[in-house]
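Participant: predicted model follows, preceded by the sequence.
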Amino acid sequence: MSKKALLISIEGIDGSGKTSLIQELKQKIPNSFVTQSPRGTELGKKFFLFTANHNEHALTVIKPNLAAGKTILVDRYIDSTFVYQGIRGKLPIDKLIEVWEKTVNIPFPDLTFVLDIEPNKTSARVNKRRQETGEEPNN
Ligand SMILES: Nc1ncnc2c1ncn2[C@@H]1O[C@H](COP(=O)(O)OP(=O)(O)O)[C@@H](O)[C@H]1O
Ligand SMILES: Cc1cn([C@H]2C[C@H](O)[C@@H](COP(=O)(O)OP(=O)(O)O)O2)c(=O)[nH]c1=O
């Protein structure tokens, strides 16, 4: 019997090292697939917009690749919704889960790594990354 494919999410603040860790893991895990949860636009930082985005991403990217037996490494996932739309947006997390259970089908991760770093350590990293990549500041 083939083993169940794993859905692994990597969470952490901007500059905590999610992208770098995922690139390392991708080299080490055979048959892995890397994806990134949809980011919000300026208009789209609300729970229902993220829910629609996560659902679409689950349907079109996550589930087909799990079904194909790939180990999925996802850069930010539903814990980002719990933190940004839930805790920061002041919506109770049990209500968010209840809405998801009733309306959408977003697979929960089998394993989550949270990259825990002092926020003041990430600003130097993000500045360095901006210089290297020319990315624009977020806000
Ligand atoms: N463990 C680490 N130690 C020091 N610098 C790191 C480490 N991991 C990543 N970086 C650097 O920090 C910056 C942000 O990393 P990145 O992987 O883009 O973070 P995120 O995807 O979480 O925003 C990059 O310039 C990267 O090279
Ligand atoms: C996936 C997701 C992201 N977000 C937010 C968190 C971040 O502010 C933003 C992503 O910002 P971005 O700078 O693209 O992320 P990274 O940390 O990977 O560099 O989207 C939510 O609010 N809810 C979500 O469900």
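Facilitator: Nice, thanks for sending it over. Ligands and ions are numbered 1, 2, ... in the order given.

Participant: contacts and neighbour counts: CA atoms only from here.
Facilitator: Noted.

Participant: residues of this protein that sit close to ligand 1?
Facilitator: Counting by CA under 6 Å from any ligand atom, the residues of the chain close to ligand 1 are Ile13, Asp14, Gly15, Ser16, Gly17, Lys18, Thr19, Ser20, Arg125, Val126, Lys128, Arg129.

Participant: who's in contact with the first one?
Facilitator: So the one you mean is Ile13. Residues counted as contacts of Ile13 (CA atoms under 8 Å, 6 or more residues apart in numbering) are Leu115, Pro119.

Participant: tell me which helix or strand comes right after the helix or strand where His57 lies.
Facilitator: Following DSSP states H and E, one finds His57 within helix 47-57. Heading C-terminal from helix 47-57, the first helix or strand you meet, by DSSP H and E, is helix 63-67.

Participant: counting contacts, what elements does that following helix pack onto?
Facilitator: strand 71-75 (3 or more CA pairs under 8 Å, 6 or more residues apart in numbering; DSSP states H and E).

Participant: re earlier: TSV for the residues of the chain next to ligand 1, including secondary structure?
Facilitator: Below are the residues of the chain next to ligand 1 laid out as TSV (DSSP: H, G, I helix; E, B strand; the rest coil):
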residue	secondary structure
Ile13	coil
Asp14	coil
Gly15	coil
Ser16	coil
Gly17	coil
Lys18	helix
Thr19	helix
Ser20	helix
Arg125	helix
Val126	helix
Lys128	helix
Arg129	helix
